[in-house]
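Visitor: let me see the structure of the following:
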Amino acid sequence: TTPRGLQQKCLFDIMFFLARRGRENLREQTKNSFTIAVDSQNRRYVYQAVDELDKNHRENDDPFDSVTDGRMYEKPGPLCPVKSFELYLSKLHPELEFLWQRPKDNPSENDSWYCKVPLGKTTIGNFMKELSRTANLSQNYTNHSIRTTAVTVDHCNFEARHI
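Guide: Residues are numbered from 1 along each chain as shown. All right, here's what the predicted structure looks like:
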């Protein structure tokens, strides 16, 4: 219900469901980095539309070995990750292509919820540390903690070589 809360949920969902690596490449993501599609069973999902280089995937790799295979499926209820992602995209500043934008403190309902300024690398890098502190969790988690949890759940449609 708030710009910061929506952004935190979407960032967590993307990192969890798509098994993202820590802070790697998050700062460079744009509104076009992810796409919503429908599978053969008519289920909606978000997937990473733009392949990117990371620690384990370099430009000389097999072109069919892509990190874009993961899917974040729609789920029933108010915390659906696909619906949250759609809402987040609709509230972003229209003149800035970066996906992760600085939240406004008090946006009006008809206005964008985010400033025409991207989040910095440090802010994105400390995402889980800040969330751990704000939510008063039992310990300070890291962005990579999300990935370690995600790969143990095995729900992301990833092949073992991508993990």
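Visitor: which strand or helix spans Ile146?
Guide: Using DSSP states H and E, Ile146 sits in helix 143-153.
Visitor: quick one: mean pLDDT over that helix.
Guide: When the per-residue pLDDT values of helix 143-153 are averaged, the result is 72.
Visitor: ok, stretch 9-23 next?
Guide: Averaging pLDDT along stretch 9-23 gives 82.
Visitor: now it, how far from the centre of its chain.
Guide: Relative to the mean C-alpha coordinate of its chain, stretch 9-23 is positioned 4 Å out (C-alpha atoms, centre = their mean, to the nearest Å).
Visitor: and the helices in the protein, which stretches?
Guide: Remark: helices of the chain, listed N- to C-terminal, are 3-17, 81-91, 121-125, 127-134, 143-153; assignment by DSSP state H.
Visitor: low-confidence stretches in this protein?
Guide: Filtered on pLDDT under 70, the chain yields the residue ranges 20-24, 51-69, 150-163.
Visitor: residues touching Trp100, list them.
Guide: 7, 11, 26-27, 29, 118-119, 124 (C-beta atoms under 8 Å, 6 or more residues apart in numbering). C-beta: built from backbone N, CA, C; applies to glycine.
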